[in-house]
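> Sequence first, predicted coordinates after that:
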Amino acid sequence: MKSLLVLAYALALPAIPGISGIALAADHGPVFGYATPVNSQRELSLDSGIFGRYGSRGTQFSTGSLFGYGVTPHLTVSAFLPASFGRGSLPESRMTDGGEWYAGASWRFLHSVTTVGKRIESTASLGLVVPGPQQDSGILGTLHRAPGVAGSVATGFASRSQYLWAGGGYTGFAERSGDRRPDTISWSGVYGYRPVKLRRGYDQWDYRGFAEFTGEHTGNVRSNRLIVPDSSTTSLWLGPTVLAIFKDVAISGGLQAPLFRDASNSLYGREHIRFAINFSYLKYSSHTSSH
Amino acid sequence: MKTVAIDTLFTATALALSTLTAHAEYEQVNLTVFGMDCAPCAHAIHVSMKGIQGVNTVDVDLNTGLVTIKLAPDNHAAMRQFNQAVEKNGFTHKDATVVARGKLTGTASAPFFEVAGTQDRFALTPAATARDISPLLGKTVTVTGVLPQVAKGKTPDTLRYNTIAEAQ
């Protein structure tokens, strides 16, 4: 349970580049980890994904859709609509959506273009997390839910051959009726590689593979003004993912296994694996000003 | 050596095109773009360039960063629009090699090249050995040359020409 909670919060944050609170891959980036890409100006993006978690208490699926719009070349606003369609016997799952709405913005505040095909950039995100219509399960399901704030920062390097991103995030929730969901600190490191034979034209499928490392620490759960004993968790995850893009559509997916887990089995069970698949549609703008 | 050959071929093609499309303004723009790492980046540039009125074809080479834009006759596309199409996608434009048709104005010592149908006006400087272009003053000419990189939101004010000839 403890690990699930951790996962839920931690994974949820990194999954959409620059968007904390949601575990869903976005078009250009990794599946689980933080990354820096944002939308082009006037670009509309839609990401829909399915996340699964397999553990000692069963398998759990959740899904959701993220809408993004590029206000400027470096500022994207986003909204996440949770749509869980099934719950396993794993309690405390907040892995994908946590049954919450999210609205926020991502600002690419550093953008250094060094040569053909390469760039170094950093992106910060800030958003509001609001409880959605679906109640959580397990410990979290007993709590009065309140809105929260999620923020993250990612920095990294992109090129035709390799990618490297690192990032971290924080989510904090308000207290309501003596209950408070745990604050979460999450972090990730992602390495990506595109083989030589796949560095080809844009009119063909573009593939790249990632090794994604993620981790998170969740604080204690507060219920009826009391801290739930042993409810704090820490976990580390590692696994491969693949991203395929053709013009304006993308498919990505992968899995992760635990490297380290400090969580109460009695509260959270034992989570063995996470997996995800994500579909993206990108609508680029052809608008240009007249001279 | 390879670069010289490509430049020569480009110039020859450009001049040939200029005689076929006598009313065109910008006829071809070869723009180097930094920062594109993946296919969607190139696709975004393609969509943006195609959205500029008068653009016929766009080709993007991810491995060289070269964006090749060919334009239809009688277009009114301006250099600022090409640069904007790059900037709006979060990339950086470098030097652009252009083939354009316009009017040679100014004086023999301070010539200007004005691209008809746009507000683009460039001070002309030779890329290599200077030649006497005073006989072309006041005439419509076809120029091939390089527009150097400028800051985002700006348009170059100088065109370093490789060839200049009276338009047919």
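Great, that's in hand. Predicted model only: the values in this text are computed from it and were never measured.
> which residues does the most centrally placed residue in chain B contact?
Nearest to the mean C-alpha position of chain B, by Cα atoms, centre = their mean, lies residue B:98 at 2.2 Å. Residue B:98 makes contact with B:26, B:28, B:29, B:30, B:79, B:143, B:144, B:145, B:146, B:147, B:159, according to Cβ atoms under 8 Å, 6 or more residues apart in numbering or on different chains. C-betas here are computed from N, CA, C, even on glycine.
> How about residue A:222?
A:175, A:178, A:179, A:180, A:181, A:182, A:228.
> Give me the three-state assignment for residue B:83.
Here residue B:83 is recorded as helix under DSSP: H, G, I helix; E, B strand; the rest coil.
> Now it: closest residue in space that isn't a chain neighbour?
In space, and not counting its chain neighbours, residue B:83 is closest to residue B:93: 5.2 Å by Cβ to Cβ, 6 or more residues apart in numbering or on different chains.
> What ranges does the chain have for its helices?
All of this refers to chain A. For chain A, helices defined by DSSP state H occupy the ranges A:2-12, A:138-141, A:265-268.
> That was the other one, I meant chain B.
Under DSSP H, chain B gives helices at B:2-20, B:39-50, B:79-87.
> what's the burial count for residue A:143?
24 (other Cβ atoms under 10 Å in any protein chain shown).
> Would you confirm that it contacts residue A:225?
No - using Cβ atoms under 8 Å, residue A:143 is not in contact with residue A:225; the gap is 11.8 Å.
> Where does the prediction get shaky in chain B?
Within chain B, the stretches with pLDDT under 70 are B:1-24.
> Could you do chain A as well?
Looking along chain A with the criterion set at pLDDT under 70, you get A:1-27, A:84-99, A:136-137, A:288-291.
> Let's see that with 80 instead.
Within chain A, the ranges that satisfy pLDDT under 80 run A:1-28, A:57-63, A:82-100, A:114, A:132-141, A:268, A:287-291.
> Count the neighbours of the residue nearest to residue B:83 for me.
Neighbour tally, residue B:93, other Cβ under 10 Å: 24.
> which residues touch it?
B:31, B:32, B:33, B:34, B:82, B:83, B:86, B:87, B:149.
> Return the member of the residues you listed nearest to residue A:233.
Nearest to residue A:233 among these, counting by Cβ to Cβ, is residue B:34 at 43.2 Å.
> thinking that closest one is in contact with residue A:115, fair?
Yes - if you go by Cβ under 8 Å, residue B:34 and residue A:115 touch, sitting 6.1 Å apart.
> who has more neighbours, these two?
Of the pair residue B:34 and residue A:115, residue B:34 is the one with more neighbours under other Cβ under 10 Å, namely 18 against 12.
> which strand residues sit across from the more buried one in the sheet?
Beta-bridge pairing of residue B:34 under DSSP bridges involves residue B:92.
> Starting from chain B, give me the distance back to residue A:159.
Distance of residue A:159 to chain B, computed by Cβ to the nearest Cβ, to the nearest Å: 6 Å.
> tally of neighbours for that residue?
20.
> same deal with residue A:236?
Residue A:236 has 18 neighbours, counted by other Cβ under 10 Å.
> quick revisit: and the contacts of residue B:98, which of them are in strands?
Among the contacts of residue B:98, DSSP state E puts B:26, B:28, B:29, B:30, B:143, B:144, B:145, B:146, B:147, B:159 in strands.
> Mind picking the one among the residues you listed that's closest to chain A?
residue B:26 (10.7 Å; Cβ to the nearest Cβ).
> Quick check: closest non-adjacent residue to the closest one.
With sequence-adjacent residues excluded and distances taken as Cβ to Cβ, 6+ apart, residue B:26 is closest to residue B:100, at 4.8 Å.
> tell me the contacts of that neighbour?
Residue B:100 makes contact with B:25, B:26, B:27, B:113, B:115, B:142, B:143, according to Cβ under 8 Å, 6+ apart.
> Going by neighbour count, which of the residues you listed comes out on top?
residue B:26 (28 neighbours).
> ok, it touching residue B:76?
No - between residue B:26 and residue B:76 there is no contact under Cβ under 8 Å: 9.2 Å.
> Common neighbours of these two, please.
Shared contacts of residue B:26 and residue B:76, defined by Cβ under 8 Å, 6+ apart, comprise B:54, B:118.
> tally of neighbours for the closest residue in space to residue B:94 that isn't next to it in sequence?
If the residues on either side of it in the chain are set aside, residue B:94 comes closest to residue B:32, at 4.1 Å by Cβ to Cβ, 6+ apart. Counted with other Cβ under 10 Å, the neighbours of residue B:32 add up to 18.
> Residue B:32: what's it in contact with?
Per Cβ under 8 Å, 6+ apart, neighbours of residue B:32: A:116, B:64, B:65, B:66, B:67, B:93, B:94, B:95, B:96.
> Now do the strands in the stretch 51-200 of chain A.
Secondary structure of the stretch 51-200 of chain A by DSSP state E, counting those that start in this stretch: the strands cover A:58-72, A:75-82, A:100-115, A:118-131, A:148-158, A:162-173, A:184-193.
> what residues are up against whichever residue of the stretch 51-200 of chain A sits closest to chain B?
Distances between the stretch 51-200 of chain A and chain B by Cβ to the nearest Cβ are smallest at residue A:116, namely 3.6 Å. By Cβ under 8 Å, 6+ apart, the contact set of residue A:116 is B:32, B:33, B:34, B:36, B:63, B:64, B:65.
> on that earlier part again, out of the contacts of residue B:32, list just those in strands.
Those of those lying in strands (DSSP E): B:66, B:67, B:93, B:94, B:95, B:96.
> Now flag whichever of the residues you listed is closest to residue A:60.
Among those, and counting by Cβ to Cβ, the member closest to residue A:60 is residue B:67, at 46.2 Å.
> Tell me which residues touch that closest one, please.
B:29, B:30, B:31, B:32, B:33, B:45, B:49, B:58, B:59, B:60, B:61, B:86.
> CSV please, covering these and showing distance to residue A:245.
Formatted as CSV, those follow (distance: Cβ to Cβ, whole Å):
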residue, distance to residue A:245
B:29, 26
B:30, 26
B:31, 23
B:32, 23
B:33, 18
B:45, 14
B:49, 19
B:58, 19
B:59, 19
B:60, 14
B:61, 17
B:86, 20
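> Now which of the residues you listed would you call buried?
Buried subset of the contacts of residue B:67 (neighbour count, 16 or more other Cβ atoms under 10 Å in any protein chain shown): B:29, B:30, B:31, B:32, B:33, B:45, B:49, B:58, B:59, B:60, B:61, B:86.
> Check the spacing between the fifth one and chain A real quick.
What it means is residue B:33. Counting by Cβ to the nearest Cβ, the gap from residue B:33 to chain A is 8 Å.
> Is that residue in contact with residue B:45, as I believe?
Yes - Residue B:33 is within contact range of residue B:45, at 6.6 Å (criterion: Cβ under 8 Å).
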